[in-house]
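>>> Okay, sequence plus prediction incoming.
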Amino acid sequence: MRRRLVALAVFVGVAVSVTGCGGPMTPGELSRSIQTLESTAAEGAFLADDVADDRTKATFARVHARDLADVVQHEAEKLNDADANRANVAVAKRKAIDLADKIGTALGQIQTAPQDESGAATAGHQLSVYSKAAGKLTEGL
């Protein structure tokens, strides 16, 4: 009897959590994801500037760039999995996923070659541009 109650409780918990998830992405949810991309790109730009000016250790730069890239990858996965029924949300979602890919690539440059000062300078400039683009993307939501 006790096993049945435990099994029933687990089943109900799973059913409630599954049915409570999903649904179309709201502009607010999309905006929060894009803001995460914006701030992560800005932080990556700061890191890239430190690498370009030889003000940080290669190991720190590599690990921090990897951590930032993981955040961006997670946001891209969330965005990709979300349903966007409204036209403006769907367009912004596609742009945000593309932006996440670009941010991840720039962070990958720092992660792969943290001793490359000129590459870091280029990545830092790109990340600044991507951060500003993300900020503008949230304005239309």
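Received it, and whenever you're ready, just let me know what you need.
>>> Only C-alpha atoms from now on, for both contacts and neighbour counts.
OK.
>>> Just list the residues touching the closest residue to Gln115 other than its chain neighbours, thanks.
Spatial nearest neighbour of Gln115, chain neighbours left out: Ala58 (6.0 Å); criterion: CA to CA, 6 or more residues apart in numbering. Applying CA atoms under 8 Å, 6 or more residues apart in numbering to Ala58 gives the contacts 51, 114-115.
>>> ranking the residues you listed by neighbours, who comes first?
Ranked by the number of neighbours (other CA atoms under 10 Å), those place Val51 first, at 27 neighbours.
>>> I'd like to know how far that one sits from Asp70.
Noted for Val51: a distance of 19 Å to Asp70, by CA to CA, to the nearest Å.
>>> what are the ranges of the strands in this protein?
Using DSSP state E, the chain contains no strands.
>>> which regions of it sit below the pLDDT cut-off?
Where the chain drops to pLDDT under 70, the residues are 1-22.
>>> Could you rerun that using 90?
Under the criterion pLDDT under 90, the flagged ranges of the chain are 1-24, 84-88, 139-141.
>>> Kindly tell me how buried Lys93 is, as a neighbour count.
Count around Lys93 with other CA under 10 Å applied: 25.
>>> thinking it is in contact with Ser31, fair?
No: checked against CA atoms under 8 Å, the pair Lys93 and Ser31 is beyond contact range at 9.4 Å.
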